[in-house]
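Enquirer: Based on what follows, work out the 3D shape:
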Amino acid sequence: MKTAFITGANKGIGFETAKQLLENGYFVFIGSRNIDNGESAVQQLKKAGFENIHAIRLDVSDITSIEEARKEIGKQTDILDVLINNAGINGGMPQAALEAPVESFQKVMDTNLYGVIRMTQAFMDLLKKSEQPRIVNVSSSGCSLTLHSDPEWIYYSHKAAVYTASKAAMNMYTINLAYELRDTAFKVNAVCPGFVATDFNNHRGTGTVEEGGQRIAKYAMITQDGPTGKFISEEYNSETGETPW
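Expert: All right, here's what the predicted structure looks like:
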């Protein structure tokens, strides 16, 4: 049975992604900053008939928390097949480039960028033991430099200086990570779930969590002929999903 660890998975897209992977026979570790919320998510999924799931207390901005999570998962498995870096914060609104304090950038980067780096490095030893390791960094088409420079783009005026900077930086980390792992069985991609209605955006999104979870799970389960080092948004590009950086 393949194993997956999803950060920030007690609700929203992370929770739905967990459900999608469970339906495909995976054992799923649900990462949650609040363990009670994580356990509640597990109970919801168990009521739906799933058993191969376990909650893990995890704060991706705290290296001690990550180290404890690594120890806990290491007690249950020697191999991790999938790491989905889903946990993220938006930094609140408004986010004007001239007015957002540096402290806001630092806080959001600590989760959205440094959290991804911490998690990837901490769990690399378990991932390397998988025959087909997968890393999915949950991104957003809203952090595309190309699209945000195009006045004709539908979301051109939806600027958020703090959040988009953090995800654009995470995308660059994804490119470098995929390059370093290019001669291995790893598949590493930045994947946008779409503009999904969740607590993250005060339910202003136009898509469903089911759609978002399905898109993330798809790239967690890609075969060896699948892409790596790509920025994927099937909402933006319904044919190949490939999106301009």
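Enquirer: what's the burial count for Lys230?
Expert: Residues within reach of Lys230, counting by other C-beta atoms under 10 Å, total 20. From N, CA and C alone the C-beta is placed, and that goes for glycine too.
Enquirer: Can you tell me which residue is spatially central in this protein?
Expert: Residue closest to the mean C-alpha point of the chain, counted by C-alpha atoms, centre = their mean, is Asn86 at 2.5 Å.
Enquirer: Identify the residues contacting that residue.
Expert: Contact analysis of Asn86 by C-beta atoms under 8 Å, 6 or more residues apart in numbering lists Ile6, Thr7, Gly8, Ala9, Ile13, Gly14, Thr17, Val138, Ile216.
Enquirer: Run a quick check on the first one versus Phe29, I expect a contact.
Expert: Spelled out, that is Ile6. Yes. Ile6 is in contact with Phe29 according to C-beta atoms under 8 Å; the separation is 7.2 Å.
Enquirer: Comparing the two, which shows the higher neighbour count?
Expert: Counted by other C-beta under 10 Å, Ile6 and Phe29 do not tie: Ile6 has more neighbours, with 32 against 27.
Enquirer: and the residue nearest to the centre of the chain, what pLDDT?
Expert: As predicted, Asn86 sits at a pLDDT of 97.
Enquirer: Kindly report the same for the one 3 residues further on.
Expert: Note on Ile89: pLDDT of 96.
Enquirer: Same question for Asp125.
Expert: Note on Asp125: pLDDT of 98.
Enquirer: if I look at it, how far off is Ala185?
Expert: With distances taken as C-beta to C-beta, to the nearest Å, Asp125 is found 15 Å from Ala185.
Enquirer: Same check on Ile84?
Expert: On the measure of C-beta to C-beta, Ile84 and Ala185 end up 17 Å apart.
Enquirer: other SSEs contacting the longest helix seen in the chain?
Expert: Criterion DSSP state H: the longest helix present in the chain is helix 161-180. Applying 3 or more C-beta pairs under 8 Å, 6 or more residues apart in numbering; DSSP states H and E, one finds that helix 161-180 contacts helix 102-112, helix 114-127, strand 134-138, strand 187-192.
Enquirer: Low-confidence bits of this structure, can you list those?
Expert: Per-residue confidence for the chain (pLDDT under 70) gives these ranges: 197-207.
Enquirer: quick one: the helices in it?
Expert: Per DSSP H, the chain carries helices over the ranges 12-23, 35-47, 63-74, 102-112, 114-127, 145-148, 161-180, 209-220.
Enquirer: Quick one: those helices as a markdown table, columns for distance to Tyr155 and mean neighbour count too.
Expert: Conversion of the helices of the chain to a markdown table gives the following (distance: least, C-beta to C-beta, whole Å; neighbours: other C-beta atoms under 10 Å):
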| stretch | distance to Tyr155 | mean neighbour count |
| --- | --- | --- |
| helix 12-23 | 18 | 24 |
| helix 35-47 | 30 | 16 |
| helix 63-74 | 33 | 16 |
| helix 102-112 | 18 | 17 |
| helix 114-127 | 23 | 19 |
| helix 145-148 | 7 | 16 |
| helix 161-180 | 10 | 20 |
| helix 209-220 | 16 | 22 |
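Enquirer: The ones you listed into CSV, with extra columns for distance to Arg134?
Expert: Output for the helices of the chain, formatted as CSV (distance: least, C-beta to C-beta, whole Å):
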stretch, distance to Arg134
helix 12-23, 11
helix 35-47, 21
helix 63-74, 16
helix 102-112, 20
helix 114-127, 8
helix 145-148, 25
helix 161-180, 11
helix 209-220, 5
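Enquirer: start to end distance for stretch 92-101?
Expert: 12 Å (C-alpha to C-alpha, to the nearest Å).
Enquirer: ok, now which ones touch Lys19?
Expert: Contacts of Lys19 by C-beta under 8 Å, 6+ apart are Leu45, Ala48, Phe50, Gly213.
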